[in-house]
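**Q** got a predicted model here, sequence first, then my questions.
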Amino acid sequence: MIELVLAGLGLLVCAALLVRMVLPERQRWAVDYHARRTWAALQGGATRLWHWRGHRRTASREADEAIRRARGEATRDGNVIRPKSFDKPRKPRDLH
């Protein structure tokens, strides 16, 4: 079955190249331009699809880590959440 699919794809490529050879030069340029644009769009879409899952997994992991850090390093006073870094005494700054 796979041999038939590969043979069909080979035949399709050969037919496309034959048609391209028969075309006048101006139309050949147009066909080449559209073929390059289509190929670039397919490559870009495949690349985005390939990286999408990894980026999504990384973003989820980083969000979980940020939530865990925020919960562990804060104190609640009613509905106000204060980071523990706010509890440290402030040093007066020399403004002049």
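**A** Good, I have the coordinates.

**Q** as a whole number, average confidence for the longest helix along the chain?
**A** Ranked by number of residues, the top helix in the chain under DSSP state H is helix 25-72. The predicted model assigns helix 25-72 a mean pLDDT of 85.

**Q** mind listing what's buried in the following helix or strand past it?
**A** Note on helix 25-72: by DSSP states H and E, the next helix or strand toward the C-terminus is strand 74-77. Neighbour counts over strand 74-77 (16 or more other C-beta atoms under 10 Å) mark no residue as buried. All C-beta atoms are positioned from the backbone trio N, CA, C, and that covers glycine.

**Q** who are the packing partners of strand 74-77?
**A** Packing contacts for strand 74-77, counted by 3 or more C-beta pairs under 8 Å, 6 or more residues apart in numbering; DSSP states H and E, involve strand 80-83.

**Q** counting neighbours, what do you get for residue 20?
**A** Residues contacting residue 20 under the criterion other C-beta atoms under 10 Å number 13.

**Q** so who does it touch?
**A** 28, 31, 32 (C-beta atoms under 8 Å, 6 or more residues apart in numbering).

**Q** tell me the spacing between the first one and residue 1.
**A** Distance of residue 28 to residue 1, computed by C-beta to C-beta, to the nearest Å: 35 Å.

**Q** okay, those two: which has more neighbours?
**A** residue 28 (14 against 5).

**Q** tell me the contacts of residue 31?
**A** Counted by C-beta under 8 Å, 6+ apart, residue 31 has contacts 20, 23.

**Q** give me that answer again for 10 Å
**A** 16, 19, 20, 23 (C-beta atoms under 10 Å, 6 or more residues apart in numbering).

**Q** now do the same for residue 93: its pLDDT.
**A** 75.
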